[in-house]
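**Student:** Take a look and give me a structure for this.
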Amino acid sequence: MLEMKNMQEETLGERGEAEKVDTLGVYEGEKNSKGERHGIGKYQFPNGDVYVGGYCRGLRNSQGIYVFKNGARYDGKWRCGLKYGRGTFIYPDGTRYEGEWKRDKKSGFGVYYHSNKDIYEGTWRKDVRHGLGTYHFSESGIKFMGTWLNDYLQGPGEIVYPRYHFHGTWKDNLPHGRGCFVFENNCMQHGHYIHQVNSNNQHNEMIKNKQSQMDFFPIWCARCISPYKIHLLPPEARPLHEQMTEDDSLTDECRNELSNDESYTFLPHSSDAENDSTDYRDEFLNEI
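**Tutor:** Numbers count the residues shown, from 1 in each chain. Sure, this is the predicted structure:
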């Protein structure tokens, strides 16, 4: 009934190149007394990718922009060489994600703008939709509000059509079980969804490929009609109460050090004390 865009193909190109020693690329910027990239700098990778922004002991850190040779780019926060914090990733086709990152993956609240102008805004976990979110269908004007679990619609939710709403429950991206339609004239149609197996598919194939919505047909079974009463609505979607693991957290060891460390080696484009880090970054970006 609702077909959501597959996110796996969109993650290609998000991973920045691993930091390499300077002999494999060209670095221009600040260093510490150990010769490590430390402060603000520009690094051009052998494959044509370019990074401009902050470094901490040789790793990308703080604010920075990474431009891929295929036209994709990430502009946002870094920590220990990984995307971490608020940032925007723009794909070559114009698709973009604006939101929170942890350990190089979309995690937290973010907005994803698809190339077909559909929009998802809600929570993420480890690069997939996970938790409360809203999906706007650009072409039809339909809006879904509900819960995702590991990129699947799962649990209570609501579909907002131009002239009526549907309140119900989802299972593996399909409406399932009890629900009701609410119309403009303040009446409610109660019923439930059942899943009929697609006769063209074998049962063992469905078990192997549970993700395919083509294995089932959701069928609405109307039961009765009543005046609108709020207490007759199915349960609303609620946030997932999950505790983030320690692996999701990274400590910014250079947060205070960069402002106090006086052991930088200032290279071209950073020797002028009147130029702050923003001017430095903008100057390099003009060259990309």
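
**Student:** where's residue 84, which helix or strand?
**Tutor:** strand 82-90 (DSSP states H and E).

**Student:** Paired strands for that strand, with orientation please.
**Tutor:** According to DSSP bridges, strand 82-90 forms sheet pairs with strand 73-79 (antiparallel), strand 96-102 (antiparallel).

**Student:** Contact partners for residue 143?
**Tutor:** 134, 135, 136, 137, 159, 160 (CB atoms under 8 Å, 6 or more residues apart in numbering). To be clear about C-beta, it is placed using only N, CA and C from the backbone, and glycine gets the same treatment.

**Student:** Apart from its chain neighbours, what residue comes closest to residue 222?
**Tutor:** residue 191 (4.2 Å; CB to CB, 6 or more residues apart in numbering).

**Student:** residues near the closest residue in space to residue 149 that isn't next to it in sequence, how many?
**Tutor:** Leaving aside its chain neighbours, residue 149 sits nearest to residue 130 (6.5 Å; criterion: CB to CB, 6+ apart). Neighbours of residue 130 under the rule other CB atoms under 10 Å: 22.

**Student:** likewise the one 3 residues further on?
**Tutor:** The burial count assigned to residue 133 is 23, neighbours taken as other CB under 10 Å.

**Student:** Specify the local secondary structure of it.
**Tutor:** Recorded secondary structure, residue 133: strand (DSSP: H, G, I helix; E, B strand; the rest coil).

**Student:** Tell me who's in contact with the residue nearest to it when sequence neighbours are not counted.
**Tutor:** Spatial nearest neighbour of residue 133, excluding adjacent residues (CB to CB, 6+ apart): residue 122 at 2.1 Å. Contacts for residue 122 (CB under 8 Å, 6+ apart) come out as 109, 110, 129, 131, 132, 133, 134, 148.

**Student:** Now do the phi/psi pair for the residue nearest to residue 222.
**Tutor:** In terms of degrees, to the nearest 10, the main-chain angles of residue 191 are phi 180, psi -160.

**Student:** The one 3 residues further on now?
**Tutor:** The phi and psi torsions at residue 194 (degrees, to the nearest 10) take the values phi -120, psi 160.

**Student:** Isn't residue 66 up against residue 74?
**Tutor:** Yes: the criterion here is CB atoms under 8 Å, and residue 66 meets it with residue 74 at 4.7 Å.

**Student:** what stretches of this protein score poorly on pLDDT?
**Tutor:** 1-23, 198-215, 242-248, 253, 255-288 (pLDDT under 70).

**Student:** picking that back up, which of the contacts of residue 122 has the most neighbours?
**Tutor:** Among those, residue 148 has the most neighbours (other CB under 10 Å), with 27 neighbours.

**Student:** How about the residue nearest to the spatial centre of the chain: what's its closest non-neighbour residue?
**Tutor:** Taking CA atoms, centre = their mean, the centroid of the chain lies closest to residue 106, which sits 4.1 Å from it. The shortest distance from residue 106 to any non-neighbouring residue, by CB to CB, 6+ apart, is to residue 124 (4.2 Å).

**Student:** Contacts only, for the one you found.
**Tutor:** Residue 124 touches 99, 100, 105, 106, 107, 108, 109, 110, 130, 131, counting by CB under 8 Å, 6+ apart.

**Student:** so of those, which ones are in strands?
**Tutor:** Among the contacts of residue 124, the ones falling in strands (DSSP state E) are 99, 100, 105, 106, 107, 108, 109, 110, 130, 131.

**Student:** So residue 250 belongs to a helix, correct?
**Tutor:** No: read with three-state DSSP, residue 250 is coil and lies in no helix.
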